[in-house]
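Q: Sequence and predicted structure are below.
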Amino acid sequence: MPKRLPAFKSGSPDLKATPEDRYDAGRARLEAVPLEAHAEAAPGAGRVDPLAILSGQEKTRLPELIPLRYGRMSATPFTFLRGSAAIMAGDLAAGARTDLQVELCGDAHIGNFRWYHAPTRDLVFDLNDFDETLPGPFEWDVKRLAASVTVSARANGCTRDQARRATRSAVREYRRFIAETSQRNPLELHYYRSDSDAALEHIGKHGKDHRKWKETVLARATRRNSLLALKKLTKVVAGRRIIVPAPPLIVRVDDEVNSAGANAVAGFIDDYRECLSLEHRLLFDRFTLVDMARKVVGVGSVGTRCLIALFEAGDGTPLFLQLKQATSSVLEAHLGPSTFRHHGQRVVEGQRLIQATSDVLLGWSRWTQPGGRKVHFYFRQLWDGKGKIDVEALGPRRLAAYAGLCGKTLAFAHARSGDAMMIHGYIDGGRK
């Protein structure tokens, strides 16, 4: 098995040096990469055609779903941004960059933050999508977030000034909380959780109406679980519970499963089981696979293989897992290959580094196709308290409030794997 990711040591001094030395080391990086360097868009005559980048991704996607992907991306400028992480990665790579490394989300746009159930069953707020995760310069995530706020504001009909205020809210809160996290000791930072009450308190500062709006979102998130999925996605046919097809979004995979054979399916599930910790393996062993189907999700992920699987315990308790194909990160073309040979493991390990608390049933496996080609997957629970904001329905004030919450969350995510004090020294060196 490949070694785990190395400790993040962003130059010298390292994470064990004094806070003062680390702050000074971060500030010293302004000489090589001044903050003003990030204000310019670098792509020029040598920029790769964005459509060529998107078409290049079709090689790993199901041909019949590619038109659906482009249809979703073309709905609004914001949906195009959501589906074009590979394009932005190329643009970021062409610009100025620091050596202040963190575990990047890789796709930290404003739509990829949401609520979910922690193992304690409390709702927490954090980053959600990690398909592109990879170690890299912290500012790439910040720029992705800032760009997404600006684009979503424009798509929502905000004025130029309103879009600027919302974007500045995200970046200001990132900067503020990077400074705060840099003052926390490693154990405090490790145990920090942004629970639903903290999120409400943050939003409540913008007015009671904003708090009530967020409480409504949280109430919906609490109801999203395996029982709701069972009700909405399945029915009993001839005495057997099945996932109901709804083409092209939900499609039966009976022929593919039958042609592969029961042993192949069992091996696929067993490989996933082996990567779980002992306690979670024993939990998973209480459930038996009942049915499986393909389900289209997201925007950028459309066309990749994504399955949902229904498991049941002996007492009928349902467990829905999402099995999502993991391909190479769009960042690897610019930052080098992942330490992990298995892209499902890359996603899972990156998620655990970034999130304050993660799904206990995260795992990975390989599916062997006819001809011997192996497809990497990662597993996670479906609808486990997942709740998100419809970003494209937000007015200017709510967008600014929510963007600030996302900026704060990103700062804590970066502090868990990177050196917040060095980042603080770097961005604190220029006050504007």
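A: Good, I have the coordinates. Note that the structure is a prediction, hence the values are computed from the model and not measured.
Q: where does the chain dip in pLDDT?
A: 1-14, 42-43, 196-215, 217-222, 429-432 (pLDDT under 70).
Q: Kindly recompute the last result at 80.
A: 1-16, 41-45, 193-227, 370-372, 384-388, 429-432 (pLDDT under 80).
Q: residue ranges of the strands in the stretch 1-150 of the chain, please?
A: 101-104, 113-117, 123-127, 134-137 (DSSP state E, counting those that start in this stretch).
Q: Quick one: list the elements packing against the first one.
A: With contacts taken as 3 or more CB pairs under 8 Å, 6 or more residues apart in numbering; DSSP states H and E, strand 101-104 sits against strand 134-137, helix 138-155, helix 343-354, helix 396-417. (C-beta placed from N, C-alpha, C; glycine too.)
Q: What count of nearby residues applies to residue 15?
A: 15 (other CB atoms under 10 Å).
Q: Could you do residue 190 as well?
A: 11.
Q: Please name the residues that touch it.
A: residue 416 (CB atoms under 8 Å, 6 or more residues apart in numbering).
Q: What strand or helix carries it?
A: helix 186-191 (DSSP states H and E).
Q: Output that helix as PDB, nothing but the C-alphas.
A: Provided in PDB are the C-alpha atoms of helix 186-191 (Å, rounded to 0.1, in the frame of the first residue of the first chain):
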ATOM      1  CA  PRO A 186      -2.600  22.000  17.300                       C
ATOM      2  CA  LEU A 187      -5.000  20.200  19.600                       C
ATOM      3  CA  GLU A 188      -7.500  23.100  19.700                       C
ATOM      4  CA  LEU A 189      -7.400  23.200  15.900                       C
ATOM      5  CA  HIS A 190      -7.800  19.400  15.600                       C
ATOM      6  CA  TYR A 191     -10.900  19.400  17.800                       C
END
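Q: which of the residues in it are buried?
A: Buried residues in helix 186-191, counted by 16 or more other CB atoms under 10 Å: residue 189.
Q: One more: stretch 355-370?
A: In stretch 355-370, counting by 16+ other CB under 10 Å, buried: 355, 356, 357, 358, 359, 360, 361, 362, 363, 364, 365, 367.
Q: just the CA coordinates of that stretch, formatted as CSV?
A: Extracted in CSV, the C-alpha atoms of stretch 355-370 (Å, rounded to 0.1, in the frame of the first residue of the first chain):
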residue,chain,number,x,y,z
GLN,A,355,-12.8,18.1,6.9
ALA,A,356,-13.0,18.5,10.7
THR,A,357,-15.0,15.3,10.9
SER,A,358,-15.8,12.9,8.1
ASP,A,359,-18.2,10.1,7.2
VAL,A,360,-17.3,6.9,9.2
LEU,A,361,-18.0,4.8,6.1
LEU,A,362,-15.7,6.5,3.7
GLY,A,363,-13.7,4.0,1.7
TRP,A,364,-12.5,3.0,-1.7
SER,A,365,-12.4,0.0,-4.1
ARG,A,366,-11.7,-1.1,-7.7
TRP,A,367,-14.2,-2.4,-10.2
THR,A,368,-12.7,-4.6,-12.9
GLN,A,369,-14.4,-4.2,-16.3
PRO,A,370,-14.5,-6.7,-19.1
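Q: returning to that earlier point: figure out which of the strands of the stretch 1-150 of the chain is closest to residue 216.
A: strand 113-117 (12.1 Å; CB to CB).
Q: Could you list every helix and strand in contact with the closest one?
A: By 3+ CB pairs under 8 Å, 6+ apart, strand 113-117 packs against strand 123-127, helix 208-223, helix 396-417.
Q: Return the distance of the longest one from the chain's centre.
A: Okay, so that is helix 396-417. 14 Å (CA atoms, centre = their mean, to the nearest Å).
Q: Then the first one?
A: Centroid displacement of strand 123-127 relative to its chain, using CA atoms, centre = their mean, is 11 Å.
Q: And for stretch 345-353?
A: The answer for stretch 345-353 is 10 Å, by CA atoms, centre = their mean.
Q: One more: stretch 78-93?
A: With CA atoms, centre = their mean, you get 14 Å for stretch 78-93.
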